Structure formats: C-alpha cells, structure tokens
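In: Give me the fold of what follows.
(chains A and B)
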Amino acid sequence: GENVEQHPSTLSVQEGDSAVIKCTYSDSASNYFPWYKQELGKRPQLIIDIRSNVGEKKDQRIAVTLNKTAKHFSLHITETQPEDSAVYFCAAIRQGGSYIPTFGRGTSLIVHP
Amino acid sequence: NAGVTQTPKFQVLKTGQSMTLQCAQDMNHNSMYWYRQDPGMGLRLIYYSASEGTTDKGEVPNGYNVSRLNKREFSLRLESAAPSQTSVYFCASIGGTIANTGELFFGEGSRLTVL
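Out: Okay, here's the model as predicted:
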C-alpha cells in the first residue's frame, strides 16, 4: 500500500517568515495530493490540493509543488501569521481506484508573534 | 446541510465495555471512512466503505467492527474496549457529485477514553 512520509514533525517560525513542509509518497499510481489544516480541537479541513498533471498551484499565501519523478510534494506558506498555527497533514490518493487516502503523520506549525 | 455528523463527541469507557460510534453524512457521498488520531501518529485508517453494502479493513482494524447501514450511515463498534483504543476518532466521507475533486469531509471527531 501507499506510504507517506512528512517532515518536519514540528516547525517554529516568526511571524512574517515562510514555512515549508515536505512529503514523500511511495505509490507512483497516486495522482491526487491534498493538504489539510487542523486547528486545536477541530476537524481537519482541506486548504489546498494538487493533481499529478500539475507542477504547482497557488492560493494567496499558500502554494503546493509536486515533483512526480522524485515522488515528493511540498506546502509553502509565505508571510506567516499567528492564525496559521495548526497541525498540517499531507495525503496521497489514487483517484479512480478504491480511493483510500493515506496521510502523513502531521506537522505542528507554530508561528510566534 | 450538516455535512458529516458524529456521535457521541466524548465518551469514557471501562476496559471490556462495548460501544458504537455513529456517523451520518447528508452529502450523498458514496465512500465513508473511519480514522483514529493519536499524537505523533497522524490519521490512521481503521475501516472504510467504498460504497453502500461494502466494507474493508484499513491499516489498524483489530478490535473494531463496522456497519454500513445505508448510504448515509457508517458506524464503528468496539466490542471489548482496551486502553490502547483511547484516541480521537474521525469519520469522513467523499464521493457523489464532488467525486472528481477528491475532497474528504470530516466529522467533528469523537474523543474516547478507555480506563
């Protein structure tokens, strides 16, 4: 089955800095890569996603890049704000099959004011 | 439109007791999932149901059973609770009219403590 590795497990930055979270996956058939944000005590919610036919996608201060050859994808947050503090999860999914999302272990992002 | 609804939100059990976590979605989704979340372990799949009438084991199915009662409802049962099952449980769903987007919608979570 699919295996997703996520790094780092904890990331501490100053407000205004950039943050990068990286994930690697093992199944070359995976073709959809969402990122979820989970605030303390809340449910995970989708913040951005990318499909295997696209190399990069941006949404305001958030961007995701995908390198299919190396089987890794990354989340980039620019101009971080305290409200970006949360746990972020990456996932890899094979659409068209049994559709089982496999998640990374999560990154706890702390943005210091 | 409530999305994915889980009950109960909190539960304390004694070792050996049984209980069922209920999950319902009103988005006409085909696929439903049960995950457990433990510190540092991310979201691990317990069981999933690709469509009404089918269920399959995920990564950590031992000690659990599931029932896909109909298209809306997917329940998770602990027959004899153990302290290792202390966790936060999330139900999620995907499919229907948004199948191509791939977005997984989560319930609010159920925090279970087994003493």
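In: now chain B, which segments are flagged as low pLDDT?
Out: B:1, B:95-101 (pLDDT under 70).
In: Quick check: residues of it near chain A?
Out: For chain B, the residues in contact with chain A (Cβ under 8 Å from any Cβ of the partner chain) are B:31, B:33, B:35, B:40-45, B:48, B:50, B:56, B:58-59, B:90, B:94-95, B:100-104, B:106-109. C-beta coordinates here come from the backbone N, C-alpha and C atoms, glycine included.
In: give the contact list for the nearest residue to residue A:67 once chain neighbours are set aside.
Out: Nearest residue to residue A:67, sequence neighbours excluded (Cβ to Cβ, 6 or more residues apart in numbering or on different chains): residue A:73, at 7.0 Å. By Cβ atoms under 8 Å, 6 or more residues apart in numbering or on different chains, the contact set of residue A:73 is A:22-23, A:25, A:33, A:50, A:64-67, A:90.
In: Next one: residue A:28 from residue A:69, what distance?
Out: 10 Å (Cβ to Cβ, to the nearest Å).
In: An error on my part: the question was meant for residue B:40.
Out: Distance, residue B:40 to residue A:69, using Cβ to Cβ: 30 Å.
In: okay, which residue is most central for chain B?
Out: Computing the C-alpha centroid of chain B and ranking residues by Cα atoms, centre = their mean puts residue B:34 first, at 2.8 Å.
In: Quick check, that one in contact with residue B:44.
Out: No: the criterion here is Cβ atoms under 8 Å, and residue B:34 misses it with residue B:44 at 9.9 Å.
In: Now the common contact residues for those two.
Out: Shared contacts of residue B:34 and residue B:44 (Cβ under 8 Å, 6+ apart): residue B:58.
In: quick one on the thing from earlier: in a strand, the residue nearest to the centre of chain B, correct?
Out: Yes: counting by DSSP: H, G, I helix; E, B strand; the rest coil, residue B:34 falls inside a strand.
In: show me the residues around it that make contact.
Out: For residue B:34, the contacting residues are B:21, B:23, B:45-48, B:58, B:64, B:66, B:74, B:76, B:89-92, by Cβ under 8 Å, 6+ apart.
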